[in-house]
Every structure is written in C-alpha cells, then in structure tokens.
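Novice: fold the stuff below for me.
(3 chains)
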Amino acid sequence: MEQYFHWIDLLGIAVFAISGTLAAWRNQMDGFGVIVLASVTAIGGGTLRDLILDAPVIWINNNSYFYAIFIAAIGTILAVRNRLTIPHNTLQLFDALGLAFFVIMGTQKALDNGTSAMVAIMLGTMSGVCGGMIRDVLCREVPMVFRGELYAVTCIFGGVVYTVLISVGVNTAVAMTVGMLALLLLRLAAMKWQITIPVFAKHHAELNEP
Amino acid sequence: MEQYFHWIDLLGIAVFAISGTLAAWRNQMDGFGVIVLASVTAIGGGTLRDLILDAPVIWINNNSYFYAIFIAAIGTILAVRNRLTIPHNTLQLFDALGLAFFVIMGTQKALDNGTSAMVAIMLGTMSGVCGGMIRDVLCREVPMVFRGELYAVTCIFGGVVYTVLISVGVNTAVAMTVGMLALLLLRLAAMKWQITIPVFAKHHAELNEP
Amino acid sequence: MEQYFHWIDLLGIAVFAISGTLAAWRNQMDGFGVIVLASVTAIGGGTLRDLILDAPVIWINNNSYFYAIFIAAIGTILAVRNRLTIPHNTLQLFDALGLAFFVIMGTQKALDNGTSAMVAIMLGTMSGVCGGMIRDVLCREVPMVFRGELYAVTCIFGGVVYTVLISVGVNTAVAMTVGMLALLLLRLAAMKWQITIPVFAKHHAELNEP
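Specialist: Numbering: from 1, shown residues only, chains lettered A, B, ... in the order given. Here you go, the predicted model:
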C-alpha cells in the first residue's frame, strides 16, 4: 500500500514537473529557470500540505522525488527541442493529470492524519492547486485556477468522491483510482466543452472607482 | 476566554473572506475562483502564523472556519448580485476590519507561545498582512500593503498598543478590544485623510538602467 | 562555531534587507512598504528552510535578526537619500552576497539536520532564492532567478562545493567560506560576462495558441 502511494506521489511530481518545464518554455525562459519552475510546480503543493499537517515533508528523506523532477524536466526539454510545435493544451493536460494525483493523495494523507473529511478535501485541493498557482504567479500569468472551467470545483468533486467511497468502506487503492479518474474526467470535460459556473451576474464598470 | 478568542478568529476569517470575494468580483472572476480567493485571503495569514509558531494550524481540527468562509462568500455573492454598485472602498473597509482582528489575535497567540514582544508584533503584523498580500498577488494587483496610507505602520501600532497594555497588567480581553479599536481607527483615519509617510525623497529616473 | 553561524546568518539577513529596501526604492514605494519588502526578502528564504526542516524558525527566539533588518533598511534609506544616483547593479550585487551567505548556511543547516547531500543542496538553494523570489513577485517584476545568468546554477554549484569539501573532511568554517566565495565569484562572473545556458533552442511563436 505504502508502495502504491509512493508511486502515485512520484507520478504526480513528474507530471507537474513536466507542466512546469512547459511553462518555462512557453515563457521563453532560458538558463536553469526551468529547474526552478519545474521543482516549484512539482513540490509546492505537497510541501504545503505536509507543513500544514505537521508531517515530515515528503521529499526531505527521499531523493527519488528529485530524480523524478530531473528526468521529467530533461525529457520534456529533449521532446521540445526535437519537435518544436507543441499544442497549447498539452500544458493543461499535464496540469490536469498532476491535479488528479495530488488532490486524491492529499485528501488521503490528510484523512490518515486524522482530519475531518471536509478539512481533508480542502487540504487535498490545496495540495493539487498550490504548485500550479505558484508556477503561474512566477510566470506572471493569471493563475489557471481562476481561468474558469471548473478548476477548483473538479478538485472538490474528486475529493468528495474519494471520501464518500472511503466512508462506505471501499478499499483505499480502489477509492483512490476511482477518485482520480472522476476528477480527471470532469476536468477534461470542463476543458473540452468550456463548462463554467458563472457566480456573478455579468457586470461592467459599475464599480465606483475613486 | 478561549471562546472569546475563537469568535474573534472566526470574525477575522469571515471578514477577510468577504474581502477576498469582493476582490474576485472586481477582477471579473467567474467560476469558483471565488472560493479560492476567499479561502486564501481568509486563512493565509493565520496559517503562516501557526506554521511559524509550530502550533497546530487553526483550521486543521475545526470545520467552523470553513463554514465561516462559505457563509461569508455566499452572503457577499448574493449581496453583490442584488445591488451591483458597490463603493470602491468597501473592500478596503473589510480589509481593515480583518486586519484589526488578525493582527491582535496573532500578537496574542505569539505571546502565548512565549515569544518576545517584538517578535509577537512582527508575527501579528505578518498574520494580518499576508492573507491580503497573497490575494493581491493572485489578482495581479499592487499589494494593498504597498499602496501607502500607513498600512504596515497601523499593524505595528496596534501590536504595540496591545503588548504595552498586557505588560502593564490589563485584562487580555480588554487589551485585545482596545488594541483592535486603536488599529482600526488609525487605519480608517489614514485611509480617509490619505496619511502617508514619505520615506524616500521624490525621485524620478535617476536610476542608471543598464 | 555556533557564533560563526549566527554572524553569517545575520550578515545574510542584513544584505537581503538592503536588497529589499533598494527594490522598494526602485519601485517608488513610499510609506513603510519598505519595512515589509526588506523583511520579506531577508527572512523569507530562511523561514521556509526552517519550516521544511521542522526546526524552530531562526528569528522566533532572537530579536537580533530584526535589529539587523532595521539597521540595514534605515542605513540604506539614508544612503539613498543622500546620494540619489545608485547604479542599477548595486541591487544585484547585494542580492549575490545574500545568496552566497544563505545558500551555504542553508545547506549546512540541512546537513546538520541529517538530510542527504542532494536534499541539502536543494534546500540551500531554496533558502537563498525564495526571499528574493517573493520580493520580485511583490514588486511585480520577473523574478531575478529567471533572468538567466546562471542564477540557480550558481546556487547549486556553491552547494556542491560545500558538500564535497565537508565529505572529504574539511573543517566546517573553512568549507563554508570557500563555498561562499566560489558561489559569489561564479555569480559575479556570470553577471559581468552575461553567461547563460540556453536550454531551449530559439523559438518564436510556434506554439499553437487556441
């Protein structure tokens, strides 16, 4: 089981490292800004989760996370160098994959540490969203989480699916797999059909600027 | 007493959640970017404070903080939908209220954890300022803390008032109430009369850009 | 030895506080945004390092760090007021100095806490880079770490030099001094001759925007 968690964690890390490297490439960053962006995207969310849970930070006693980042980053660089046309939504696809892994892993780890289901879902969402948020802030882009298309909602949805399955006694590995798939499918559907939930009615410049 | 602290904390959370929701609205964010912005503004500063104090993060064992955020966010959305013209400084007013609650609560909690008065004031200021700072960075606005009008100074002032009152033996609840009022009044006065402290003499482009 | 570490830490703090104050000045921030920017630059990286190591945050039981920040910030303000033309790369020079102190101190502290050499170098780099990263994000500038010129690479290089010296049995104080000098010289050389490592081949707008 531990082993299974570790692999999911590594996969999430690698996938977010790819998304960070692609963001570096899109922003024409040369030099090893790539390393920084890949690492920050990959370990930002999980680090925050562990700090808040007061658990040892995942990568502090384990070099494998860094190998995952390096391999993912170098692989991405080679891929980009050899075939310069990369469809715009490749970045979004890898971001969605990383999201699925991290949200469910985060929810699971929080439950394991004894939090309520609600806090676990919040913490799972946070670990999925924050790495990408830091990536986007550093690239000075509008964080993907704000660009509509159910970004935060899919995370909460995945977390709810997982916690409900756990609470009715489903095996952890099965619940994780189903939760990840549910999250991923909703996210991809939202991206494909551009599903949004308008919270505020349309408004223009009704704001009284001073 | 514990009860009193809890309510002050909840009030600060709710008020910052309102300010986060208003910021989301001002930036025309649709979808549940609102949830993210409300949560980040509301729990950002307190979470950082607790991490640094190595105390359990306030919301980790307590769902009530999330209820406060949800109620505040939904209430704000309804208010905004029904009456589309909101004066610009409503955001600033709620920000000032949250500031007063968080700075004094943060200072109190730090003292409780045995820090020196100076570190406590710094930590109080940090817990008051950081949630809004993350909010502004995510919205890609110049952080309010830099827009002059004694922002950081009012926090330090409130913290000093509180720690002085405590050190002369005043009752905690009284000291907190007085500290919050002092902070709030100075902040409102600074906003109303646009009081600023020019640190650097006026300068134009004397900087030798390369 | 402890004493030696403390002084290096204080020096790094002071130097980063200067760089934060200069950034505030460049961005024409009046009011005490200076305090915020100086503090954030100075203690951001070290705070993150200590949180991740689950060690007590350096400044939590020690007022001297704040005195260092205040003295550095006030000294810088006075210097700027008296002589308005400051060469552009003064900021970069102080940033490089702070980098050298923090990266090596961070690597040392991580090794002391029992991490592997690789994690120690990563953590050292993080403590050197993150304060400045937050500074640049708050100033809404492209983080210096992305502006090429081997920024991240020099940190890793310095960390490698230090850990190699330690592993072959060199005295800690000597290894630290050599590591810092190595890092500083490489950084200054990279700045002077604008050395960069192009990771991606030149590309224009081959990206298929939607």
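Novice: so where do the helices sit in chain A?
Specialist: Chain-ordered helices for chain A, with DSSP state H as the definition, fall at A:2-26, A:33-53, A:64-82, A:89-112, A:117-138, A:151-167, A:172-192.
Novice: now do the third one: which elements does it pack against?
Specialist: Meaning helix A:64-82. If contacts are counted by 3 or more CB pairs under 8 Å, 6 or more residues apart in numbering or on different chains; DSSP states H and E, helix A:64-82 sits against helix A:2-26, helix A:33-53, helix C:117-138. Just so you know, the C-beta spots here come from the backbone N, C-alpha and C atoms, and that holds for glycine as well.
Novice: list the contacts of that helix.
Specialist: Surrounding helix A:64-82, the residues in contact under the criterion CB atoms under 8 Å, 6 or more residues apart in numbering or on different chains are A:6, A:9-10, A:13-15, A:17-18, A:20-22, A:25, A:34-35, A:38-39, A:42-43, A:58-59, A:86, C:118-119, C:122, C:199-201.
Novice: mark which of those residues are buried, thanks.
Specialist: A:9-10, A:13-15, A:17-18, A:20-22, A:25, A:34-35, A:38-39, A:42-43, A:58-59, A:86, C:119, C:122, C:199-200 (16 or more other CB atoms under 10 Å in any protein chain shown).
Novice: re the thing from before, now the helices of chain A as JSON lines including distance to residue C:79?
Specialist: JSON lines is the format used below for the helices of chain A (distance: least, CB to CB, whole Å):
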{"stretch": "helix A:2-26", "distance to residue C:79": "36"}
{"stretch": "helix A:33-53", "distance to residue C:79": "31"}
{"stretch": "helix A:64-82", "distance to residue C:79": "41"}
{"stretch": "helix A:89-112", "distance to residue C:79": "44"}
{"stretch": "helix A:117-138", "distance to residue C:79": "30"}
{"stretch": "helix A:151-167", "distance to residue C:79": "46"}
{"stretch": "helix A:172-192", "distance to residue C:79": "52"}
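Novice: quick one: those helices as CSV, columns for mean pLDDT too.
Specialist: Below are the helices of chain A laid out as CSV (pLDDT from 0 to 100):
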stretch, mean pLDDT
helix A:2-26, 84
helix A:33-53, 90
helix A:64-82, 88
helix A:89-112, 86
helix A:117-138, 90
helix A:151-167, 91
helix A:172-192, 90
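Novice: check contacts around residue A:178.
Specialist: Contacts were defined as CB under 8 Å, 6+ apart; by that measure residue A:178 touches A:161, A:162, A:165, A:170.
Novice: against residue A:23, how distant is the first one?
Specialist: Translated: residue A:161. 28 Å (CB to CB, to the nearest Å).
Novice: which one of these two has more residues nearby?
Specialist: Shown here are residue A:161 and residue A:23; by other CB atoms under 10 Å in any protein chain shown, residue A:23 has more neighbours (25 against 20).
Novice: was I right to think the more buried one contacts residue A:41?
Specialist: Yes. Between residue A:23 and residue A:41 there is a contact at 7.2 Å, judged by CB atoms under 8 Å.
Novice: so which residue is dead centre in chain A?
Specialist: With distances taken as CA atoms, centre = their mean, the residue of chain A nearest its centroid is residue A:99 (3.0 Å).
Novice: picking up where we left off before, need the overlap of contacts for residue A:23 and residue A:41.
Specialist: Taking CB under 8 Å, 6+ apart as the contact criterion, the residues that touch both residue A:23 and residue A:41 are residue A:135.
Novice: out of the helices of chain A, flag the one nearest residue B:135.
Specialist: In terms of CB to CB, the element of the helices of chain A nearest to residue B:135 is helix A:117-138, at 12.0 Å.
Novice: run the chain-centre distance for the closest one.
Specialist: On the basis of CA atoms, centre = their mean, to the nearest Å, helix A:117-138 is displaced by 7 Å from the centre of the chain it belongs to.
Novice: check stretch A:36-52 too.
Specialist: 10 Å.
Novice: please report how far the residue nearest to the centre of chain A lies from residue C:94.
Specialist: Look at residue A:99 and residue C:94: by CB to CB, they are 39 Å apart.
Novice: got it, and residue A:15?
Specialist: With the distance defined as CB to CB, residue A:15 ends up 38 Å from residue C:94.
Novice: burial of the nearest residue to residue A:9 once chain neighbours are set aside, as a residue count?
Specialist: For residue A:9, ignoring the flanking residues on the chain, the nearest one in space by CB to CB, 6 or more residues apart in numbering or on different chains is residue A:105 at 5.8 Å. Using other CB under 10 Å, residue A:105 has 26 neighbouring residues.
Novice: next, the contact list for residue A:105, please.
Specialist: A:5, A:8, A:9, A:12, A:46, A:124, A:127, A:176.
Novice: was I right about residue A:44 contacting residue A:137?
Specialist: No. Under the criterion of CB under 8 Å, residue A:44 makes no contact with residue A:137, lying 10.3 Å away.
Novice: of those two, which one has the most company?
Specialist: Comparing residue A:44 with residue A:137 by neighbour count (other CB under 10 Å), the higher total belongs to residue A:44, at 22 against 19.
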